[in-house]
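sequence and predicted structure below; questions after.
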Amino acid sequence: MSSSLLIVDDEKNTRDGLRNALDSEFDVYVASDADGGMQTLETMPIDVLLTDLRLGGEDGMSLIGRALKLPKPPICIMMTAYGSVDTAVEAMKKGAYDFVTKPVNIDRLEILVKRALKDRETRQENTVLRERVDKQMTLEGMIGRSPAMVEVFDTIKQVAPSKATVLIQGESGTGKELAAHAVHHLSPRANEKFLAVHCAALSPELLASELFGHEKGAFTGAFEKRIGRFEQAKGGTLFLDEIGEIDAGTQVKILRVLGERTFERVGGNQTLPADVRLIAATNKDLSKLVAEGKFREDLYFRLHVVPLTMPPLRDRKVDIPLLAGAFLRETATENGKPFRELSPEAGTAILDYDWPGNVRELRTAIEHGVVMSNAPLIHLRDLPAALRAPRPEVPPAGGGLNLHETETALILRALEDSRGNRTDAAQLLGISRRTLHRRLRELNISKHNTPS
């Protein structure tokens, strides 16, 4: 199927001449002014708009602005006999792909239009690839392709439809609450409430009131009845974060909920049903707390029906480029800045760093870089000080990987997964094709040691 091209020019001889020269390659439409051009654009699927700058009434610059606001905007190319640098720059600012000067060289125009169509096709293919990659490597906001994250995704998909209690373990910042949300959203309770309580932030008295509610006069300051989270979350999911911090009395009450599916408000004697799915999370070793007598063993086993461990970021470095790319797009949009990418030095720094704050710290670091950068690239100088600090040279341990080997392994894995397609590999790594080519040269990765 031929691509369609609309020529807008108020000179009939120019319109007819261009149409006759181009109609063997394209489906050509013509209009003599901006209004006629817009009418065609709004009724026909036009791939390329070729408009003169001077149209008598509304000029071509304005027409390009209107055309680019359409749901499926065309590629816009400006024609002008006034081919100044200022005109070209202004056209590009308006979103024009390029410009040509009159009298138009037909051969050059054909090459320009075909190149523009090819560029758009490539961008569309990359968009489809990114969406496919994102779908394969994400689950309810979590991102990863490492074996550890694939295991997390599989466990969540398996347990979500059940009624089982889930205990999510992992260091701070690994995404435990995201995992809890994923279990809820993929469960039969997805249309009901998801409520979260951060247990460490409350005193034992306030925590009991928060969870179970209280009757009026139950304690000093209880001036009216309060409905707790177990009642508020009826039919839905209750997420108890930092459950290793709760006191012994509250542990007993939660054990009763899990065993009998009932509870009482603080200061009350009415037994109430507890129709909730409980998900708990902790950054502590609960089995160790049990051994130390700080956590009830029977409650531990009730919570531990399906354990889910979120891996630290240092153990899933293959996911760092994916996460960094997603955070870069997200935070650039939030801060009203154009899409940027990491320089090779910045990319090396984020791979070399151990990320004690895990995914949460990585997102903060990327946002810091977006805010501090005034260039198309985020450089090492734009990242937080912890990532810029010189790190001692440590020889690789037996069987381990140093930074050079780690980055090389990541790139080779991406090339393998993309069957040697460097455009696809760059997408997987969250970098541009140009950056990938540069890293291939700098790391001395040749065609001989890349996947066929």
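Thanks, I have it.

quick one: low-confidence parts of the chain?
Screening the chain residue by residue with the criterion pLDDT under 70, one finds the ranges 1, 82-85, 88, 126-137, 339, 390-407, 427-428, 430, 446-452.

give me the most central residue, it.
Note on the chain: the residue nearest the mean C-alpha position is residue 326, at 3.5 Å, using Cα atoms, centre = their mean.

need phi/psi at the nearest residue to that residue once chain neighbours are set aside.
Residue nearest to residue 326 in three dimensions, not counting chain neighbours: residue 143, with 5.6 Å by Cβ to Cβ, 6 or more residues apart in numbering. The C-beta positions use only the backbone N, C-alpha and C, and glycine is treated the same way. Per-residue torsions, residue 143: phi -130, psi 140 (degrees, to the nearest 10).

start the count at 695, not 1, going forward
All set: I'll call the first residue 695, so the last point we hit is now residue 837.

contacting residues around residue 837?
By Cβ atoms under 8 Å, 6 or more residues apart in numbering, the residues touching residue 837 are 831, 843, 1013, 1016-1017, 1020.

same deal with residue 1037?
Each residue near residue 1037 by Cβ under 8 Å, 6+ apart is listed here: 1071-1074.

with residue 1035 instead?
Neighbours of residue 1035 in contact, by Cβ under 8 Å, 6+ apart: 1022, 1070-1072, 1124-1126, 1129.

list only those of these flagged as buried.
Judged by neighbour count, with 16 or more other Cβ atoms under 10 Å as the criterion, the buried members of the contacts of residue 1035 are 1022, 1071-1072, 1124-1125, 1129.

among those residues, which are in strands?
For those, the ones inside strands are 1071-1072, with DSSP state E as the criterion.

from the buried ones among the contacts of residue 1035, pick the one nearest residue 893.
Taking Cβ to Cβ as the measure, residue 893 lies nearest residue 1022 of those, at 33.6 Å.

hmm, residue 1034 and that closest one touching each other?
Yes. The pair formed by residue 1022 and residue 1034 meets the contact definition of Cβ atoms under 8 Å, at 6.4 Å.

ok so, going back, and the two most separated of the buried ones among the contacts of residue 1035?
Farthest pair in the buried ones among the contacts of residue 1035 (Cβ to Cβ) is 1071 and 1124. Separation: 13.5 Å.

select, from the contacts of residue 1037, the two members most distant in space.
Distances among those were taken as Cβ to Cβ; the most separated pair is 1071 and 1074, at 10.1 Å.

and the residue nearest to residue 1127 when sequence neighbours are not counted, what element?
Using Cβ to Cβ, 6+ apart and skipping the chain neighbours, the partner closest in space to residue 1127 is residue 1120 (4.5 Å). Assigned by DSSP states H and E, residue 1120 belongs to helix 1116-1123.

by contact count, what packs against that helix?
For helix 1116-1123, the helices and strands in contact under the criterion 3 or more Cβ pairs under 8 Å, 6 or more residues apart in numbering; DSSP states H and E are helix 800-830, helix 1014-1028, helix 1097-1111, helix 1127-1136.

pretty sure residue 745 sits in a strand.
Yes. Counting by DSSP: H, G, I helix; E, B strand; the rest coil, residue 745 falls inside a strand.

burial measure for it, as a count.
Look at residue 745: counted by other Cβ atoms under 10 Å, it has 27 neighbours.

just to revisit the earlier point, of the helices and strands packed on helix 1116-1123, flag the one that's most buried.
Across these, the average number of neighbours (mean count of other Cβ atoms under 10 Å) peaks for helix 1014-1028, which reaches a mean of 19.

what pairs with the following helix or strand past that one, and is each one parallel or antiparallel?
Along the chain past helix 1014-1028, the next helix or strand (assigned with DSSP H and E) turns out to be strand 1035-1036. Taking DSSP bridges as the criterion, strand 1035-1036 forms sheet pairs with strand 1071-1072 (parallel).

quick one: end-to-end distance for stretch 788-795.
Using Cα to Cα, to the nearest Å, one end of stretch 788-795 lies 17 Å from the other.

residues contacting it, please?
Outside stretch 788-795, the residues that touch it by Cβ under 8 Å, 6+ apart are 755, 758-759, 762, 767, 769-775, 777, 781-782, 785-786, 802-803, 806, 810, 813.

6 Å instead, please
Where contact means Cβ atoms under 6 Å, 6 or more residues apart in numbering, the residues beyond stretch 788-795 that reach it are 755, 758-759, 762, 769-773, 777, 782, 785, 803, 806, 810.

what do you get for stretch 916-930?
Stretch 916-930 is touched from outside by 883, 886-889, 891, 905-910, 932, 957, 968-970, with contacts defined as Cβ under 6 Å, 6+ apart.

just the buried members of those residues?
Buried members of those, counted by 16+ other Cβ under 10 Å: 883, 886, 888-889, 891, 905-909, 932, 957, 968, 970.

quick one: which two of these are the most distant?
Within these, 883 and 909 form the most distant pair, 27.9 Å apart (Cβ to Cβ).

and the contacts of residue 837, which is closest to residue 994?
Scanning those for proximity to residue 994, where the rule is Cβ to Cβ, the winner is residue 843, at 25.6 Å.

kindly calculate the angle that the helix or strand containing that closest one makes with helix 1014-1028.
With elements delineated by DSSP H and E, residue 843 resides in helix 841-853, which encompasses its position. On the basis of axes from the mean of the first three to the mean of the last three Cα atoms, to 10 degrees, helix 841-853 is oriented at 70 degrees to helix 1014-1028.

nice, that's everything, thank you.
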